[in-house]
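**Q** build me a structure from this.
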Amino acid sequence: MQRNLQMEGGVNGGGGGSEQPTTSDDGQFLVDFRKMVKKEIEVMVIRTVHQVIGPIVEDLIRKVLKEEIQLAVEKAMLSTNGVRNSSNETSLQLKILDKVAGPVLTGKSIMGNEGTPIRVALVDKTTGEVIKSGPGCSAKVEILVLDSSGDNNEHRDNWSIEDFNNKIIREGDKTKPHFARSNYVYLEEGVAVLRDVKLGHDSSWMKSCECRLGLRIAESFRGVKVEEARSSSFMVLDSRSKLYGNHYPPSLSDEVWRLENIGKDGTRCNQLYNNKILKVKDFLFLHSINPQRLQEILGVGDKTWKSTVDHARTCILDDGSIYVYYPSEFKTGVAFDAVGGLKGAIHDSHYVPITDLSTDEKDCARSLLLVAFENGKDIISFPDETSLQHQYPSKYSDLDCLSDFFRGIEHFETLFSPESNNILCGAHSEPHRQSKGGGGLDGVAAIVIRMVRARKRFMALGGMHLQKRQRI
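**A** Residues are numbered from 1 along each chain as shown. Reported below is the predicted structural model:
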């Protein structure tokens, strides 16, 4: 019995012993699981850093190291060479042979004034001759962009190395025009040509600024120092501004915002659009017939107004067409050029050139120009004045014929007046003046004076008729 109890106790004891290890195994499993998860997370983090963050940090470190190394080299060169003086003057220098054509647009090749690539040469500073042989004639030259804003050393020749280095615009300066990468060119017989040299801009809008090209020898040879080259100052513009910039000179077909002081989609631009002034041609047209109204539409002061008008007047007038406004309900029309210059009038379907119009008729025609401006859809065009006269032939009216006739004899009214007659005839003509029947000079004078007076009455009636026709 005791043996059985012991066995049961042993069994129970064994059962109790087996339960304890099971609890211990669960705890160990949790610990191992945590370690495994932690290790997996660490692997994922390391992998993410390596694949994503690593390249970014690597590029950043590379750029910082490159700039720091470049600055260190320049400082070392400065400490070695110091500022140039008379005792340490070099006899060789790089020289830019062509002037930079400005303004320069970012993303566009920098060219010379003649539209050709810019050349640089290694020259003897004393004689100015190109060095075509020797170790420097095939040297590697670095092309740089220098900041010229606020530069007071435009005409100074003795730039120090420090002056030159302090003006260099680095790749990391995104607010100014810069080279996207390092640019080098090799001299051939002492001369090199700068091809496809372009300034870059950042994604954000870049303000215009003044810059220079700078060139220096990128490697030393036999301890010979070569003075750096720098171009004259030029303006650099963000090429994106060209899309909405002014045109010099503007053309007749340009949008009106191509003129100075009129920004695209700005207040002044919208005011012009609302008054049917869409093109430079429309601007010049209204300025020709009513400049005061145009200034009121723009809403600008005299200084801004003058600047805009002066710019518009530089427009090339390459449209030789003649335009006519002659609606069917009118008996009078007007002929004019592309910018509102009066060419003549149309009366009863007949063309009258401006040279044949009276002052009143010219005023009437100019008033029609304002109506024509407001009714552009009714304007028709002709290639030239000859084509216009095929449609509206000139007419020499009866009134004009009589006017010319009377104008030819009008001077006789004075010639044969009683006073002039006395002078012309004198005492010896007394019998003729007293003769009966109205013969002699008195008779002629009387006839001419009657004709002239009749002409005046006729012209007065004709003038009234013209005024009536104009009112109609």
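**Q** other residues contacting stretch 333-345?
**A** 252, 281, 284-289, 317, 319, 321-327, 332, 346, 351-354, 356-357, 361-362, 364-366, 368-369, 372-373, 385, 388 (Cβ atoms under 8 Å, 6 or more residues apart in numbering). C-betas here are computed from N, CA, C, even on glycine.
**Q** what do you get if the cut-off is 7 Å, keeping everything else the same?
**A** 252, 281, 284-285, 288-289, 317, 319, 321-326, 332, 346, 351-354, 357, 361-362, 365-366, 368-369, 372, 388 (Cβ atoms under 7 Å, 6 or more residues apart in numbering).
**Q** could you find the closest non-adjacent residue to Cys346?
**A** One thing to correct before we go on: residue 346 is Ile, not Cys. In space, Ile346 comes closest to Gly333 once its chain neighbours are excluded; the distance is 3.5 Å by Cβ to Cβ, 6 or more residues apart in numbering.
**Q** quick one: the one you found from Asn261, how far?
**A** The spacing between Gly333 and Asn261, counted by Cβ to Cβ, to the nearest Å, is 35 Å.
**Q** returning to that earlier point: what subset of the contacts of stretch 333-345 is buried?
**A** 252, 281, 284-285, 288-289, 322-326, 332, 346, 351-352, 357, 361, 365-366, 368-369, 372, 388 (16 or more other Cβ atoms under 10 Å).
**Q** what residues of stretch 295-315 count as buried?
**A** Of all the residues in stretch 295-315, those buried under the rule 16+ other Cβ under 10 Å are 295, 297-298, 300, 304-305, 308-309, 311-312, 315.
**Q** closest one to Pro103 out of those, please.
**A** Taking Cβ to Cβ as the measure, Pro103 lies nearest His311 of the buried residues of stretch 295-315, at 16.5 Å.
**Q** just confirm the closest one is within a helix.
**A** Yes: His311: assigned to a helix according to DSSP: H, G, I helix; E, B strand; the rest coil.
**Q** pLDDT score for it?
**A** Per-residue pLDDT puts His311 at 95.
**Q** that one contacts Asn261, correct?
**A** No: contact between His311 and Asn261 fails when scored by Cβ atoms under 7 Å: they sit 8.2 Å apart.
**Q** pLDDT weak spots in the stretch 1-150 of the chain?
**A** 1-24, 67, 70-90, 150 (pLDDT under 70).
**Q** can you give me the strands for it?
**A** 92-96, 104-105, 118-124, 140-147 (DSSP state E, counting those that start in this stretch).
**Q** need the ones you listed in CSV with mean neighbour count and distance to Tyr273, can you?
**A** Output for the strands of the stretch 1-150 of the chain, formatted as CSV (neighbours: other Cβ atoms under 10 Å; distance: least, Cβ to Cβ, whole Å):
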stretch, mean neighbour count, distance to Tyr273
strand 92-96, 20, 46
strand 104-105, 22, 28
strand 118-124, 20, 43
strand 140-147, 20, 40
